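Visitor: Provided below for reference: sequence and predicted model.
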Amino acid sequence: FRGKPISFLWTEGGAQPELESALELAPNYPSVAVTQVNKGVGASMKLSWSKKNVQNFLNGLISGR
């Protein structure tokens, strides 16, 4: 995702309970969540964890789906 408008942040599960609750993250890990702070919106990936699913999720967000 080089050159794409995405920044990455990693955090340990349970370390950010308010953020995890706001993004409605499932208690199982790992999870992928995206936020756009200036618009106050966020989304979390609901698919199974795989490289293909993460790529599809992020590409969908970038393209507005």
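Guide: Yes, it's here. Residues are numbered from 1 along each chain as shown.

Visitor: ok, which stretches of the protein are strands?
Guide: Taking DSSP state E as the criterion, the chain contains strands spanning 33-36, 41-44.

Visitor: just checking, what's the longest helix in the protein?
Guide: helix 51-62 (DSSP state H).

Visitor: Which parts of it count as buried, going by neighbours?
Guide: 57-58, 61 (16 or more other Cβ atoms under 10 Å). For glycine as for every other residue, the C-beta is placed from the backbone atoms N, C-alpha and C.

Visitor: again, but for stretch 37-54
Guide: Neighbour-count burial for stretch 37-54 [16+ other Cβ under 10 Å]: Met45.

Visitor: again, but for stretch 13-27
Guide: 20, 25.

Visitor: and it, what's its mean pLDDT?
Guide: Mean pLDDT, stretch 13-27: 81.

Visitor: what residues does it touch?
Guide: With contacts defined as Cβ atoms under 8 Å, 6 or more residues apart in numbering, stretch 13-27 is touched by 11, 29-31, 33, 35, 42-44.

Visitor: Of all those residues, the one with the weakest confidence?
Guide: When those are compared, Tyr29 shows the smallest pLDDT, 69.

Visitor: circling back: then the longest helix of the chain to CSV, C-alphas only?
Guide: Output of helix 51-62 as CSV, limited to C-alpha atoms (Å, rounded to 0.1, in the frame of the first residue of the first chain):
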residue,chain,number,x,y,z
LYS,A,51,-3.6,-11.3,3.2
LYS,A,52,-6.3,-11.4,0.4
ASN,A,53,-9.1,-10.3,2.7
VAL,A,54,-7.0,-7.4,4.2
GLN,A,55,-6.1,-6.2,0.7
ASN,A,56,-9.7,-6.4,-0.4
PHE,A,57,-10.9,-4.6,2.7
LEU,A,58,-8.3,-1.7,2.4
ASN,A,59,-8.8,-1.4,-1.4
GLY,A,60,-12.5,-1.2,-0.9
LEU,A,61,-12.1,1.6,1.6
ILE,A,62,-9.7,3.5,-0.7
